[in-house]
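Visitor: Predicted model, plus sequence, below.
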Amino acid sequence: MCGIVGIVGQTPVAPLIVDALKRLEYRGYDSAGVATVERGELSRRRAEGKLVNLERRLEAEPLSGTIGIGHTRWATHGVPNETNAHPHFADEVAVVHNGIIENFAELREELKRDGYVFQSQTDTEVVAHLISRELRGGAEPIEAAHNALKRLQGAFALAIMFKGDEDLIIGARNGPPLAVGHGQGEMYLGSDAIALAPFTNAITYLEDGDWAVVRRNKVQIFDIDGNPVKRQRQQSVGTSYLVDKGNHRHFMEKEIHEQPEVISHTLAHYLDFISGKTREMDLPFDFAKLDRLAISACGTAYLAGLISKYWFERYARLPVDIDIASEFRYREMPLAKNSAALFVSQSGETADTLASLRYCRSEGVPIGAIVNVRGSTIARESNVTLPTLAGPEIGVASTKAFTCQLSVLASLAVRAAAERGTIDEEEEKRLVRQLSEAPRFASQVLKLDGQIEKVARELAKVNHVLYLGRDTSYPLAMEGALKLKEISYIHAEGYAAGELKHGPIALIDENMPVIVIAPHDRIFEKTVSNMQEVAARGGRIILITDETGAKRAGIETFETIVLPDMPEFIAPIVYALPVQLLAYYTAVQMGTDVDQPRNLAKSVTVE
Ligand code: F6R
């Protein structure tokens, strides 16, 4: 969940490293640090908290080295203080690390027995000491690093630098991604191509087990046995454009606005709009033969899965078991003989989702992964990757990844229904056509931002908010509450509207805003009854509905946000946008850190 960078440059690299770290800060922001080699000596600056603290430190005490490594941290081993901040040093070695060294405790004991003294509580520091021990034993830096790498178990992306060598960084990958960037007389390492976008778009991705010797004018890549390997150099097109906020105040705002385009790209990947059929998906199972489908994910991705349960069951008559991955992994669920499993994850690195996937794999169940980050662990470990084409999502709160996940899941549900014969060709065409309209409706909905901002000014004054919905709007109500909680820090609950009277109705009074998500669908009238119950108790209703729903609700609301009438099937994809905007504007009004809310990180690689 951390981000790492390395630069072998021509000019002082610390400002460039900080610039690259800014684009990686979505991965964690508990502390940050930079080390360079200056006149042969290792020097570093580290600071607790966000990068801005490190920037201030560097302004006061600049680093002048033309080679350096940097890190932005999401704390796992050890509290987020300066001592535990990377880079970690051991005599003549400096290391930054993303991932977890699983055998660190054993290695630490071994190194301690050899007299090595640890400064931090991190797992990373063992890497620096291991290399240092190799150097003391007479190995050259490259050999020392290679020998140390062979001792490591777990997941890691590393950048390693040496005292006295101003033309050498060693990068290594086992699990978390690491990219080499090729410049003119300069070379780079970064956790992703985005970090390196302003410097170069010529990228080589390391594969698992690879390690690279990076110098100003040359990069050599080896496998774990030390054999040279060839990895393709790629052009990473437009990445700097993608990570720019453009005219938007926050990445989250930009990502909300990108949705019409990325939903469209994603749908076009799975659907042939001309024939009105789904495209070939190379699935490792046959929907027609499945008795059950298991879906597992965390947070927003889980809620996308929950919405799809309605689709798979309704259109394909395929029963779905949907679970939060942190529960699923320990539940020892018996999996039906003719079952398949889907895992949904933006990052493709979420530890609980990955563990659930591994459980299913051990049970011999065929696995599909719906992921946004290609080459991620979840993608690699599944039988088929079903990508969301959302592009990099930088805001910690998931927005465009969610609607792209829904787009993939909806396409799969159509596919399942067609294969199972629960819909005929005409119906398949109709559903595909409806999906093709989702981007257009999403664009229209974005124009409601002025009204939504006005409602958000009211939400920013309260401490609690209730979200209600039925059917696919119920998981969306939970998603609305999750979005509001995580970025505005206002307590919110998402409830099934019909469940209100079984408890939560006790919360309703004139101070409780109740956001009701209610497209005019088959159960609209039922939701209206639940709204009546709220209105009768003085609750302030904010109704998100369509033109028909607004006409037929017959209820006095505090505000009604009116979307165009649209097919019921695509409503959850489109209704996600006002829900996201409401949370976004509320957070802006509250003055919170929208893109990097407190205590959170973009990819959660720990339990
Ligand atoms: C909420 C949010 C999280 C993630 C969850 C799973 O806005 O972003 O709830 O959805 O941490 O992450 P991925 O999708 O990377 O597995």
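Guide: Sure thing, it's come through. Given the structure is predicted, the values throughout are model-derived calculations rather than measurements.
Visitor: Please name the residues that touch whatever residue of the stretch 351-500 of the chain ends up closest to the ligand.
Guide: Closest residue of the stretch 351-500 of the chain to the ligand, Cβ to the nearest ligand atom: Ser398 (3.3 Å). For glycine as for every other residue, the C-beta is placed from the backbone atoms N, C-alpha and C. Applying Cβ atoms under 8 Å, 6 or more residues apart in numbering, we find Ser398 in contact with 299-301, 346.
Visitor: Which pLDDT value goes with it?
Guide: Looking at Ser398, its pLDDT reads 97.
Visitor: Check the one 10 residues further on too.
Guide: If you check Val408, the pLDDT there is 98.
Visitor: thought it was touching Leu386?
Guide: Yes - under the criterion of Cβ atoms under 8 Å, Val408 makes contact with Leu386 at 5.3 Å.
Visitor: hey, what's in contact with both of the two?
Guide: Residues touching both Val408 and Leu386 (Cβ under 8 Å, 6+ apart): 270, 370.
Visitor: Give me the three-state assignment for Met161.
Guide: The local conformation at Met161, judged by DSSP: H, G, I helix; E, B strand; the rest coil, is strand.
Visitor: Which strand residues bridge the nearest residue in space to it that is not next to it in sequence?
Guide: Nearest residue to Met161 in three dimensions, chain neighbours excluded: Ala94, at 4.6 Å (Cβ to Cβ, 6 or more residues apart in numbering). Ala94 has the following beta-bridge partners by DSSP bridges: Phe89, Met161.
Visitor: now Ala94: how far from Arg440?
Guide: Distance of Ala94 to Arg440, given as Cβ to Cβ, to the nearest Å: 52 Å.
Visitor: Around the ligand, pick out the residues from the stretch 251-400 of the chain.
Guide: Counting by Cβ under 6 Å from any ligand atom, the residues of the stretch 251-400 of the chain close to the ligand are 298-301, 345-347, 350, 353, 397-398.
Visitor: picking up where we left off before, would you reformat the contacts of Ser398 as a markdown table and include distance to Ile7?
Guide: Listed next are these as a markdown table, based on distance: Cβ to Cβ, whole Å:
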| residue | distance to Ile7 |
| --- | --- |
| Gly299 | 34 |
| Thr300 | 34 |
| Ala301 | 34 |
| Gln346 | 28 |
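Visitor: hang on, the earlier thing: and the residue of the stretch 351-500 of the chain closest to the ligand, what element?
Guide: In the assignment (DSSP states H and E), Ser398 maps to no helix and no strand.
Visitor: do the same with the one 10 residues further on
Guide: Here Val408 sits within helix 400-420, counting by DSSP H and E.
Visitor: May I have that helix exported as PDB, CA atoms only?
Guide: Below are the C-alpha coordinates for helix 400-420, written out as PDB (Å, rounded to 0.1, in the frame of the first residue of the first chain):
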ATOM      1  CA  LYS A 400     -15.600   5.600 -11.300                       C
ATOM      2  CA  ALA A 401     -14.200   2.200 -10.400                       C
ATOM      3  CA  PHE A 402     -17.600   1.400  -8.800                       C
ATOM      4  CA  THR A 403     -19.700   2.300 -11.800                       C
ATOM      5  CA  CYS A 404     -17.200   0.400 -14.100                       C
ATOM      6  CA  GLN A 405     -17.500  -2.600 -11.800                       C
ATOM      7  CA  LEU A 406     -21.300  -2.300 -12.200                       C
ATOM      8  CA  SER A 407     -20.900  -2.100 -16.000                       C
ATOM      9  CA  VAL A 408     -18.800  -5.300 -16.000                       C
ATOM     10  CA  LEU A 409     -21.200  -7.100 -13.700                       C
ATOM     11  CA  ALA A 410     -24.300  -6.000 -15.700                       C
ATOM     12  CA  SER A 411     -22.600  -7.300 -18.900                       C
ATOM     13  CA  LEU A 412     -21.900 -10.600 -17.200                       C
ATOM     14  CA  ALA A 413     -25.500 -10.800 -16.000                       C
ATOM     15  CA  VAL A 414     -26.700 -10.400 -19.500                       C
ATOM     16  CA  ARG A 415     -24.200 -13.000 -20.700                       C
ATOM     17  CA  ALA A 416     -25.400 -15.400 -18.000                       C
ATOM     18  CA  ALA A 417     -29.000 -14.900 -18.800                       C
ATOM     19  CA  ALA A 418     -28.400 -15.500 -22.500                       C
ATOM     20  CA  GLU A 419     -26.300 -18.600 -21.900                       C
ATOM     21  CA  ARG A 420     -28.900 -20.000 -19.400                       C
END
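Visitor: Distance from the helix or strand that that helix is followed by to the middle of the chain?
Guide: Per DSSP H and E, the first helix or strand lying C-terminal to helix 400-420 is helix 425-436. Offset of helix 425-436 from its chain centre (Cα atoms, centre = their mean, to the nearest Å): 30 Å.
Visitor: Buried ones in helix 425-436, by neighbour count?
Guide: 428-432, 434-436 (16 or more other Cβ atoms under 10 Å).
Visitor: Dump the residues you listed into TSV; add pLDDT and distance to Ala576 as well.
Guide: Shown next, in TSV, are these (pLDDT from 0 to 100; distance: Cβ to Cβ, whole Å):
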residue	pLDDT	distance to Ala576
Glu428	97	24
Lys429	97	25
Arg430	97	22
Leu431	97	19
Val432	96	20
Gln434	96	16
Leu435	95	14
Ser436	93	17
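Visitor: Can you lay out those residues as a markdown table showing distance to Thr548?
Guide: Below are these laid out as a markdown table (distance: Cβ to Cβ, whole Å):
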| residue | distance to Thr548 |
| --- | --- |
| Glu428 | 26 |
| Lys429 | 24 |
| Arg430 | 19 |
| Leu431 | 20 |
| Val432 | 24 |
| Gln434 | 16 |
| Leu435 | 21 |
| Ser436 | 22 |
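Visitor: right, and out of the residues you listed, which lies closest to Glu261?
Guide: For the buried residues of helix 425-436, the closest approach to Glu261 (Cβ to Cβ) belongs to Ser436, at 13.9 Å.
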